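Asker: Give me a model of this one.
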Amino acid sequence: MHFVPRFTDGQDFPYALGKIVCVGRNYAEHAKEMDSPVPDSPLFFIKPATAAVPLKNPISIEPSRGEVHFETELALLISQTLTDASPEEAEQAVAGIGLALDLTLRQVQTELKEKGHPWEVAKAFDGACPLSQFLRLSGPLDWSNLTFSLDIDEERRQTGHAKDMLFPIPELLAEMSRHFTLAPGDVVITGTPAGVGPLPRDASLHFELNDWLELDTRVAP
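Answerer: Residues are numbered from 1 along each chain as shown. Sure, this is the predicted structure:
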């Protein structure tokens, strides 16, 4: 079943989900915890639409895939075509904001990196991008004033502050659009803060975005 982008008021987005554009190492502390260089320009990769599932549904992990790590991120729903856009044009194209989990087969990714191979199979598998519903945006937003968090079994595991991003959201979207067109229905996930780790089975997950959005879900046993 295909993921349908939907606003928190229950209304479906008028475009089908397209590609999911992801940002790697957009928080310096996360780069350090992964023992990776802090980038001086944005790192992009793409998950297909088939990776998306509703975040509110229990997260099912196939045991044979090995250890799956969680990465909590802000998610942006795109409503206008962006090609070589300015930051001002880019921020006007964001129809909604929500939360995402960038699920990662960490051992698979590590082994592929060591061999110099692409690592899409560690990031783009079916179910690799649980997405929340989106808060509809109707006016200017202070992009630096966004805070989000993940609690696992009532323990805070990640807290992200958009002001700590290496590449702020409007500039990030503009840079993306210089490399490939963003189309209505695309989703951009903007990088994860420090605190990533293995996703425990049968755990309860609680997400918050400012005081606008709260969501609870579980990991299947």
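Asker: how about the helix or strand bottoming out on mean pLDDT in the chain as PDB, C-alpha atoms only?
Answerer: Least confident helix or strand of the chain, by mean pLDDT, DSSP states H and E, is helix 106-114 with a mean of 89. Extracted in PDB, the C-alpha atoms of helix 106-114 (Å, rounded to 0.1, in the frame of the first residue of the first chain):
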ATOM      1  CA  ARG A 106      23.900   0.200  10.000                       C
ATOM      2  CA  GLN A 107      26.100  -2.900   9.600                       C
ATOM      3  CA  VAL A 108      25.100  -3.200   6.000                       C
ATOM      4  CA  GLN A 109      25.900   0.500   5.400                       C
ATOM      5  CA  THR A 110      29.300   0.100   7.100                       C
ATOM      6  CA  GLU A 111      30.300  -2.900   5.100                       C
ATOM      7  CA  LEU A 112      29.200  -1.200   1.800                       C
ATOM      8  CA  LYS A 113      31.100   2.000   2.700                       C
ATOM      9  CA  GLU A 114      34.200   0.000   3.400                       C
END
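Asker: Relative to Arg178, how far out is the spatially most central residue of the chain?
Answerer: What sits nearest the mean C-alpha location of the chain, by Cα atoms, centre = their mean, is Ile189, with 3.3 Å. Here Ile189 is placed at a distance of 19 Å from Arg178 (Cβ to Cβ, to the nearest Å). Heads up, the C-betas are built off the backbone N, CA and C, glycines and all.
Asker: cool, and Asn210?
Answerer: Distance from Asn210 to Arg178, counting by Cβ to Cβ: 30 Å.
Asker: picking up where we left off before, helices or strands up against the least confident helix or strand of the chain?
Answerer: Judged by 3 or more Cβ pairs under 8 Å, 6 or more residues apart in numbering; DSSP states H and E, helix 106-114 is in contact with helix 120-123.
Asker: mean confidence score for the top helix by length along the chain?
Answerer: In the chain, ranked by residue count with DSSP state H as the criterion, the top helix is helix 169-179. Per-region confidence: helix 169-179 scores 98 on mean pLDDT.
Asker: Can you mark which positions in stretch 212-221 are buried?
Answerer: Leu213, Leu215, Thr217, Val219 (16 or more other Cβ atoms under 10 Å).
Asker: Next, the buried residues of the least confident helix or strand of the chain.
Answerer: Of the residues in helix 106-114, Arg106, Val108, Gln109, Leu112 count as buried by neighbour count, 16+ other Cβ under 10 Å.
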